[in-house]
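Can you look at this prediction? I've put the sequence above it.
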Amino acid sequence: MAEADNSNTLSDCAICLEILKVPRRLPCSHIFCEVCISEYIVSTVDDPEQKTFNCPVCRMCIQTKNSTKNKSYWVYDLPECLAGSNTKCTIKTQDCHACKRFGSNIEAIVWCCECLEALCQNCSSAHSRLKQSLTHKTVAIEEQNYASLNLLQGTDEYCSIHETKRLEVYCFDHSKPCSVLCLNLDHRKCEDVQNFDDIDDLEPENLEKLESELLNLSNQLKKIADYKRESRQKLLPSFKAIQEEADLVLTSAKKKIDDLHQEFIKNSKLMQRVDLKSYGSSPDPEKSPFLVLDFSLIV
């Protein structure tokens, strides 16, 4: 593995020592080709549970933003450098990201390597006092010779998952904005995805057409709901009639069984009254005058 010396500029990749192609920057400020650092991560991270990797140059431990993703995607969470015409980049004025969220454009003086945000004097002071960011590494903006870093990212304009990617499209299937990377990874099967520019360029007549279509859809849904309600009301009398008929059959069957039971008891008592002595000690069953019951009548 090649190591970069202090003379390397933005045009030098510390791994391949060639001109940078799609530069990606680590929190330690070392920059590599996207392909180079991605291959490095994939080849060095062997444990599926591992959530960190070391910088190829300074060996700084780099914490991944989203370790649940496939490690081949980790590179997309690293800030992307926009290649300029000059090999040695010159810094340009950066706005404080924290102030920008509240509509103020105040020049930033430091860059937090862990929050990946530029901070002004006041925000930097507060940032260094907070317990959550007390140990964060910050670098003075003027010391950054990487003007092509995408520092001017607006919180409301960038993807919450891939923080270096702008929100460019809107997925109507999921009702959420997303970056091009999100589109390629998670929304490939979505049918209704539109570019922000296309949405903004909707003409009034198109809006009226959309409103009309939504109204028609609402009416169709109402008709379906009414049909289901009417069908249920029509079925209720049928269910009631079937239940009443079943109750009648059951009552009739119970009455018939009760009648047969009573007749059996009556005949049994009659047989017990027969004087067995007149037939001897061992009467012939065939000559017995006992009443024979026809159980075939019992259905």
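Perfect, I can see it now. Residues are numbered from 1 along each chain as shown.

show me where the stretch 101-250 of the chain has helices.
Ranges of helices within the stretch 101-250 of the chain are 121-129, 180-186, 196-200, 204-272, based on DSSP state H, counting those that start in this stretch.

Could you dump those helices into a markdown table with mean pLDDT and mean neighbour count added?
Placement of C-beta: from N, CA and C, glycine included. Shown next, in a markdown table, are these (pLDDT from 0 to 100; neighbours: other C-beta atoms under 10 Å):
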| stretch | mean pLDDT | mean neighbour count |
| --- | --- | --- |
| helix 121-129 | 92 | 14 |
| helix 180-186 | 82 | 16 |
| helix 196-200 | 67 | 10 |
| helix 204-272 | 83 | 10 |
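
Asp12 is nearest to which of the ones you listed?
Proximity to Asp12, assessed across these by C-beta to C-beta, is greatest for helix 180-186 (26.2 Å).

elements contacting that closest one?
strand 167-171 (3 or more C-beta pairs under 8 Å, 6 or more residues apart in numbering; DSSP states H and E).

Centre of the chain to the strand it packs on, how far?
17 Å (C-alpha atoms, centre = their mean, to the nearest Å).

Which strands or helices does that strand pack on?
Against strand 167-171 (3+ C-beta pairs under 8 Å, 6+ apart) you get strand 176-179, helix 180-186, strand 193-195, helix 196-200.

change it to 7 Å
strand 176-179, strand 193-195, helix 196-200 (3 or more C-beta pairs under 7 Å, 6 or more residues apart in numbering; DSSP states H and E).

Low-confidence regions, the stretch 1-150 of the chain specifically.
1-11, 66-69, 81-93, 142-150 (pLDDT under 70).

Apply 80 and report the result again.
Along the stretch 1-150 of the chain, the model assigns pLDDT under 80 to residues 1-12, 17-22, 29, 48, 64-73, 80-94, 113-117, 141-150.

For it, which segments are assigned as strands?
23-25, 31-33, 52-54, 61-63, 110-112, 117-119, 138-140 (DSSP state E, counting those that start in this stretch).

So what are the sheet partners of the last one and their directions?
Partner strands for strand 138-140, per DSSP bridges, with pairing direction: strand 110-112 (antiparallel).

Check the contact between Leu20 and Cys33; I expect there is one.
Yes. At 5.6 Å, Leu20 and Cys33 qualify as touching, with contact defined as C-beta atoms under 7 Å.

ok, back up a step: and of the helices of the stretch 101-250 of the chain, who's closest to Cys58?
helix 121-129 (22.8 Å).

List the contacts of the closest one.
96, 98-99, 109-110, 112, 119, 133-134, 138 (C-beta atoms under 7 Å, 6 or more residues apart in numbering).

and the two most separated of these?
The span of the contacts of helix 121-129, defined through C-beta to C-beta, is set by Cys99 and Leu134 at 20.8 Å.

more crowded one of the two?
Neighbour count, other C-beta atoms under 10 Å: between Cys99 and Leu134, Cys99 has more, with 18 against 9.

any idea how far the more buried one is from Gln132?
Per C-beta to C-beta, to the nearest Å, Cys99 is found 19 Å from Gln132.

domain ranges for this structure?
1-84, 91-144, 166-217 (automatic domain parsing).

So what's the predicted local confidence for Lys287?
On pLDDT, Lys287 comes in at 52.

from now on call the first residue 46
Right, with 46 as the first residue, what we last looked at is Lys332.

Not including adjacent chain positions, what is the nearest residue to Tyr85?
Distance criterion C-beta to C-beta, 6 or more residues apart in numbering; nearest residue to Tyr85, sequence neighbours excluded, is Pro101 at 5.8 Å.

Look at the one you found and say how many residues are nearby.
With other C-beta under 10 Å as criterion, Pro101 counts 21.
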